[in-house]
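Novice: A predicted structure for the sequence below; I have some questions about it.
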Amino acid sequence: TIFCGQNVTGLSNSQGSNTWKVYANDSAGNENYTIIIFSVDSLNPLISFVNPTPSSGFVQNTGSFMANISTSDNNLANVTLRLYNSSGLIQQNVTNSSLLTVNYSGLVEGVYFFNATAVDTLNNFNNTETRNLTIDTTAPLLSIISPQNVSYNNLTILVNISSNGNYIWFYNGTGNETYSSPVFRNFAEGGDILFAYANDSVGNLNMTNVIFSVDSVLPLVSYGVGTDANSSIVSRNWIFVNVSVTELNEANITFRLYNSTGLVNISVFTNQNRNINWTGLVEGVYYYNVTVFDTLSNSNSTDTRTITLDNSVPFVSIISPQNITYGNSTILVNISSNGNYIWFYNGTANETYTSPVLRNFAEGGDILFAYANSSAGNANSTSVRFSVDLTPPVVTVNSPQNITYSNSSVEFNITLNENGTVQYTLDGGVANISMSNYGGFGFYAINSSIANGNYTARFYARDNVGNLNATTSVTVTVFFHNLSLRCEVGGPYQ
């Protein structure tokens, strides 16, 4: 109950529609009333993000997303959705509907912020939280540090990948492999390709690759046609070397020649030359080899061969027979030589000589040929002329003759048909008397003391090689008178 003209406060009203009736009566008891209907709205609108609105902090790799707003208010006036980036407000959408859905598209990379506000007709309002969204359309950085686009001489190669991606992997030749730090892996001989991959947290993918090759096989090199065998000895002043090479990536080939003092020549070729001829070389022992390098420094060499250049003929001389006459047909053959192979002509055929040997030769004049060659084929020869005399000398008795000598002095004189010596004997060889040579083939002796008697004078003639003729003899008679004269004193012949 109130009095007219008095304000009433503190009355409670409920949210929503309210109906008030106001009654009045006068002192006479007359009563009247009036009705007023009004509403009360002091509540803020309800507003929230609903699916598929991204949650705050979401990162994605596309330039579009959907924001969906749900509001609840009986007196909703409008809903406003705002989108910002670092430069400010870039889009605002307003609706008076309780649901607001906005599809954003064509957004560039960056960080975005969005929120919504709902206002009712009584200016009650409410805001959502401000969410942020990151758009990341850039693939992660990715590069292959190793292997590089080169050739390797080892099957085991370091895989080293640089990336700011969240997940990194590579294809190791047989399957994909997660990469976390540099790692060694084996690759196949020949051409290879390494694929590397990286993605970030929003699925941006990057890929790169490198092409490389593996050549761990050593070049093959061997001596070819025309190259002398090891330890050859040749008679010339040049050395020819020819090789065969198997190598796809040849860098160079090197020929080296040495002697006892060191390196004589080194020749390097990059044009796949396969032979060399060293000329104008002096005699001696030489050594040579050949080395091949490929472009990855793989190398291989031949064995080192030895060759002797020998242009000197071997020494050869005949010690026996000598340039004399022999009285025997069996003669020692003795040859001196430093040759590797020695032989002689024995009168009927060639015969290998290793040590002194007795051989028969024909009577008369002979010649012995001796030969020697070195291991290099240098030959030398020599010869000696000699004779074989097996015939005793012929004796011609000039004196004495088969007569009677009347004195005790007898001359002995004979002639031979060749040089020699002569003795004679009158007593069957008991006493042999030498005869003097008076020039040429003549011999003489005078015996002044031969007593009377019959004698057989036998002559022994030897030639210079000892052939003896003891068959010649002559019968000699010596008879003389020894007169004795006596003179008497007073005699008739006095």
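Specialist: It's in.
Novice: Helices of the stretch 151-300 of the chain, start to end?
Specialist: Remark: helices of the stretch 151-300 of the chain are absent; assignment by DSSP state H, counting those that start in this stretch.
Novice: Once you drop chain neighbours, what's closest to Ile266?
Specialist: Arg256 (5.1 Å; C-beta to C-beta, 6 or more residues apart in numbering). Every residue, glycine included, has its C-beta placed from N, CA and C.
Novice: number of nearby residues for that neighbour?
Specialist: 19 (other C-beta atoms under 10 Å).
Novice: ok, what's across the strand from it?
Specialist: Ile266, Asn289 (DSSP bridges).
Novice: which residues does it contact?
Specialist: Counting by C-beta atoms under 8 Å, 6 or more residues apart in numbering, Arg256 touches 263, 265-266, 288-291.
Novice: Report the spatially closest residue to Asn432, excluding sequence-adjacent ones.
Specialist: Going by C-beta to C-beta, 6+ apart, Asn432 has Gln423 as its nearest residue, at 4.4 Å.
Novice: what does the helix or strand the one you found falls within contact?
Specialist: Element membership of Gln423 [criterion: DSSP states H and E] is strand 420-425. Taking contacts as C-beta under 8 Å, 6+ apart, the residues outside strand 420-425 that touch it are 393, 395, 412, 414, 416, 431-435, 437, 441, 443, 445, 457-464.
Novice: Can you tell me the strand partners of that strand and which way each runs?
Specialist: Applying DSSP bridges, strand 420-425 is found paired with strand 433-434 (antiparallel), strand 453-463 (antiparallel).
Novice: need the next SSE after the shortest one, C-terminal direction.
Specialist: For strand 433-434, the succeeding helix or strand toward the C-terminus, using DSSP H and E, is strand 436-439.
Novice: how far does stretch 124-140 sit from the chain's center?
Specialist: Mean-position distance between stretch 124-140 and its chain equals 69 Å (C-alpha atoms, centre = their mean, to the nearest Å).
Novice: how long is that stretch from one end to the other?
Specialist: Stretch 124-140 has an end-to-end distance of 47 Å (C-alpha to C-alpha, to the nearest Å).
Novice: follow-up on the earlier one: from the contacts of Arg256, pick the one nearest Gln401.
Specialist: Nearest to Gln401 among these: Tyr288, at 87.9 Å, using C-beta to C-beta.
Novice: Leaving out sequence neighbours, find the closest residue to that closest one.
Specialist: Leu257 (4.9 Å).
Novice: so the one you found touches Asn277, yeah?
Specialist: No - assessed by C-beta atoms under 8 Å, Leu257 is found out of contact with Asn277, at 10.8 Å.
Novice: Between these two, which contacts overlap?
Specialist: Taking C-beta under 8 Å, 6+ apart as the criterion, Leu257 and Asn277 both touch Ile239.
Novice: neighbour count winner among those two?
Specialist: Remark: of Leu257 and Asn277, Leu257 carries more neighbours, 19 against 10, as counted by other C-beta under 10 Å.
Novice: where's the more buried one relative to Phe315, distance?
Specialist: The gap separating Leu257 from Phe315 is 29 Å, by C-beta to C-beta, to the nearest Å.
Novice: if you skip the residues just before and after it, what's nearest to the residue most central in space within the chain?
Specialist: By C-alpha atoms, centre = their mean, the chain has its centre lying nearest to Asn300, at 1.2 Å. Nearest non-adjacent residue to Asn300, counting by C-beta to C-beta, 6+ apart: Leu218, 4.3 Å away.
Novice: so who does that neighbour touch?
Specialist: Per C-beta under 8 Å, 6+ apart, neighbours of Leu218: 298-300.
Novice: Need those in TSV (columns: distance to Ser181 and pLDDT).
Specialist: Output for the contacts of Leu218, formatted as TSV (distance: C-beta to C-beta, whole Å; pLDDT from 0 to 100):
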residue	distance to Ser181	pLDDT
Asn298	30	93
Ser299	34	95
Asn300	36	97
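Novice: Just send the strands paired with strand 420-425 back as a markdown table, with distance to Glu250 and mean pLDDT too.
Specialist: Output for those, formatted as a markdown table (distance: least, C-beta to C-beta, whole Å; pLDDT from 0 to 100):
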| stretch | distance to Glu250 | mean pLDDT |
| --- | --- | --- |
| strand 433-434 | 93 | 95 |
| strand 453-463 | 82 | 95 |
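Novice: Could you identify which of those strands is most buried?
Specialist: strand 453-463 (a mean of 18; mean count of other C-beta atoms under 10 Å).
Novice: ok, then the element right after that strand?
Specialist: According to DSSP H and E, the helix or strand after strand 453-463 is strand 468-478.
Novice: That following strand: which residues count as buried?
Specialist: Buried residues in strand 468-478, counted by 16 or more other C-beta atoms under 10 Å: 469, 472, 474, 476, 478.
Novice: Ok, stretch 307-325 next?
Specialist: Using 16+ other C-beta under 10 Å as the test for burial, stretch 307-325 gives 307-310, 313-314, 316, 318, 321, 325.
Novice: just checking, which of these belong to strands?
Specialist: Counting by DSSP state E, the buried residues of stretch 307-325 place 307-309, 316, 318, 325 in strands.
Novice: Could you pull out the strands in the stretch 1-150 of the chain for me?
Specialist: 16-25, 31-40, 46-50, 58-60, 65-72, 76-85, 88-95, 99-104, 110-120, 125-127, 131-135, 142-146 (DSSP state E, counting those that start in this stretch).
Novice: In terms of secondary structure, what does the third one contact?
Specialist: Taking 3 or more C-beta pairs under 8 Å, 6 or more residues apart in numbering; DSSP states H and E as contact, the helices and strands that strand 46-50 lies on are strand 65-72, strand 110-120, strand 125-127.
Novice: looking at those, which is closest to Thr9?
Specialist: Between Thr9 and the helices and strands packed on strand 46-50, the shortest gap by C-beta to C-beta is with strand 110-120, which sits at 24.9 Å.
Novice: The closest one pairs with which strands?
Specialist: By DSSP bridges, strand 110-120 pairs with strand 76-85 (antiparallel), strand 125-127 (antiparallel), strand 131-135 (antiparallel).
Novice: Turn the ones you listed into JSON lines, columns for distance to Asn103.
Specialist: Listed next are the strands paired with strand 110-120 as JSON lines, based on distance: least, C-beta to C-beta, whole Å:
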{"stretch": "strand 76-85", "distance to Asn103": "11"}
{"stretch": "strand 125-127", "distance to Asn103": "22"}
{"stretch": "strand 131-135", "distance to Asn103": "14"}
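Novice: okay if I get the ones you listed as CSV plus mean pLDDT and mean neighbour count?
Specialist: CSV is the format used below for the strands paired with strand 110-120 (pLDDT from 0 to 100; neighbours: other C-beta atoms under 10 Å):
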stretch, mean pLDDT, mean neighbour count
strand 76-85, 97, 19
strand 125-127, 96, 16
strand 131-135, 96, 19
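Novice: Minimum distance to Asn44: which of these has it?
Specialist: Taking these one by one with C-beta to C-beta, strand 125-127 is closest: 4.2 Å.
Novice: Name the residues that touch stretch 76-88?
Specialist: 45, 47, 67, 69, 71, 89-98, 100, 102, 104, 110-121, 123.
Novice: likewise stretch 35-43?
Specialist: Applying C-beta under 8 Å, 6+ apart, the set of residues contacting stretch 35-43 is 13-22, 73-75, 120-122, 124.
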